[in-house]
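**Student:** only geometry, no sequence info:
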């Protein structure tokens, strides 16, 4: 059976559980508490991921694949979540890169600081900058979703799965999501997908 | 003709010029000085990239593609730089995500702070953290390249192009690259590739 090296608080790990559920694939999870360094142990670094991060997807034959968006790419091959048109594929890649570089480091990190760290953490000083950059990323999504039901093409792809993960929990990082009605409607469309599972 | 919306100091933009050269495709460049906000003008945001970044590749029919690694993905389709085996493709995606999330934000940003900003910039305080995380990323590459000539498979792919861009200029961010002999040999292999072009 597939094994997800997982953390329930992680939107990146949730992307993996969500695609596996949408594809009706069985899997089990192994949980790691990243705040206790459980993905930085010698055993984890040697045997699961040298980069010390979750999620990692482990196949029955032992192969390991890290990086949530790489896992989405691989699992979605030959499914409706990854179109065959190479220009649409390129636009999906553009969104996946956007997510990792211009969205997750702000939207996800604000949530992490406000929900996972002690209330007196000095990292709360980062919140105004994280909000400024996170709102910019969310506005780019909003502008795209005013015009289209999904980020690429006319149906749900791994671009939507990747961006949905942290966007639909952005309010946990104190983002005011009432500013983004097109994002709200897009979240509802994703949540209506057969075999959708919640993050928590 | 293809147009690269470009900045000569950017490793991300260099990835695009390098793949176009390797594929013997003609292109012209339009230069933007990011330190002067030239990618944040109303015109640029409206007509080239809402995310205000270079590089962007513009096709003859007007289509625009942002995100260096998405551009690599699209341009390498049906070439030797992107294998047909889907597991190898997945491992390439893993490296592309690693580059954007665990390598570029440290290795490239150290170079940016030390070469593009004034010598008295307060951002120099970030250098120790950038070095710690950048060295960790470089060590992961070194470990992979001790065992293999290229990051994925037996020949050069877009994973190598993506990682090469900032790695081969890491010394400009004060990284001591003498620690990484396997990376040095890998850089030489890439530089021996027909139609290779230098960054500067």
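**Tutor:** Cool, got the structure. Predicted model, so just to flag it, every value in this text is computed and none were measured. Numbering: from 1, shown residues only, chains lettered A, B, ... in the order given.
**Student:** longest helix anywhere in chain A?
**Tutor:** helix A:127-147 (DSSP state H).
**Student:** what angle do whichever helix or strand comes after that helix and helix A:127-147 make?
**Tutor:** Sequence-wise, the next helix or strand downstream of helix A:127-147 (DSSP states H and E) is helix A:158-167. Interaxial angle of helix A:158-167 relative to helix A:127-147 (axes from the mean of the first three to the mean of the last three C-alpha atoms, to 10 degrees): 140 degrees.
**Student:** how about stretch A:176-195: buried residues?
**Tutor:** Residues A:177, A:180, A:182-183, A:186-187, A:190, A:193 are the ones in stretch A:176-195 that count as buried (16 or more other C-beta atoms under 10 Å in any protein chain shown). C-beta coordinates here come from the backbone N, C-alpha and C atoms, glycine included.
**Student:** who's in contact with the closest residue to residue A:2 other than its chain neighbours?
**Tutor:** Nearest residue to residue A:2, sequence neighbours excluded (C-beta to C-beta, 6 or more residues apart in numbering or on different chains): residue A:27, at 4.0 Å. Residue A:27 makes contacts with A:1-4, A:17, A:20, as judged by C-beta atoms under 8 Å, 6 or more residues apart in numbering or on different chains.
**Student:** go through the residues you listed and flag which are in strands.
**Tutor:** Judged by DSSP state E, the contacts of residue A:27 include A:2-4 as members of strands.
**Student:** give me the buried subset of those.
**Tutor:** Judged by 16+ other C-beta under 10 Å, buried ones among the ones in strands among the contacts of residue A:27: A:3-4.
**Student:** out of the ones in strands among the contacts of residue A:27, flag the one nearest to residue A:132.
**Tutor:** If you rank the ones in strands among the contacts of residue A:27 by distance to residue A:132 using C-beta to C-beta, residue A:4 comes first, at 33.2 Å.
**Student:** tell me the bridge partners for that closest one.
**Tutor:** Beta-bridge pairing of residue A:4 under DSSP bridges involves residue A:29, residue A:57.
**Student:** and it, what pLDDT?
**Tutor:** Per-residue confidence (pLDDT) for residue A:4: 98.
**Student:** how near is it to residue A:12?
**Tutor:** Counting by C-beta to C-beta, to the nearest Å, the gap between residue A:4 and residue A:12 amounts to 11 Å.
**Student:** overlap of the contact sets of the two?
**Tutor:** Residues touching both residue A:4 and residue A:12 (C-beta under 8 Å, 6+ apart): residue A:55.
**Student:** show me which residues of chain A sit near chain B.
**Tutor:** Contacts of chain A with chain B, taken as C-beta under 8 Å from any C-beta of the partner chain, map to A:50-51, A:53, A:63, A:65-71, A:73-74, A:77, A:86-87, A:89-91, A:93-94, A:96-98, A:100-102, A:104-105, A:140, A:143.
**Student:** and if we set it to 7 Å?
**Tutor:** Applying C-beta under 7 Å from any C-beta of the partner chain, one finds that chain A approaches chain B through A:50-51, A:65-67, A:69-70, A:73-74, A:77, A:86, A:90, A:93-94, A:97-98, A:100-102, A:140, A:143.
**Student:** buried subset of the residues you listed, written for PyMOL?
**Tutor:** Buried residues among those (16+ other C-beta under 10 Å), as a PyMOL selection:
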select buried, chain A and resi 50+51+65+66+67+69+70+73+74+90+93+94+97+98+100+101+102+140
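**Student:** which ones among the residues of chain A next to chain B lie within helices?
**Tutor:** When the residues of chain A next to chain B are checked against helices (DSSP H), the matches are A:69-70, A:73-74, A:86, A:90, A:93-94, A:97-98, A:140, A:143.
**Student:** out of those residues, which two are the most distant from each other?
**Tutor:** Greatest spatial distance in those: A:74 and A:143, 29.7 Å, computed using C-beta to C-beta.
**Student:** on that earlier part again, for the residue nearest to residue A:2, what are phi and psi?
**Tutor:** Here is the backbone geometry of residue A:27 (degrees, to the nearest 10): phi -160, psi 160.
**Student:** okay, it and residue A:67: tell me how far apart.
**Tutor:** 17 Å.
**Student:** for residue A:83, same thing?
**Tutor:** Distance, residue A:83 to residue A:67, using C-beta to C-beta: 21 Å.
**Student:** can you check what pLDDT the model gives the residue located most distally from the centre of chain A?
**Tutor:** Most distant from the centre of chain A: residue A:120, at 27.1 Å, with distances by C-alpha atoms, centre = their mean. Residue A:120 is assigned 96 on the pLDDT scale.
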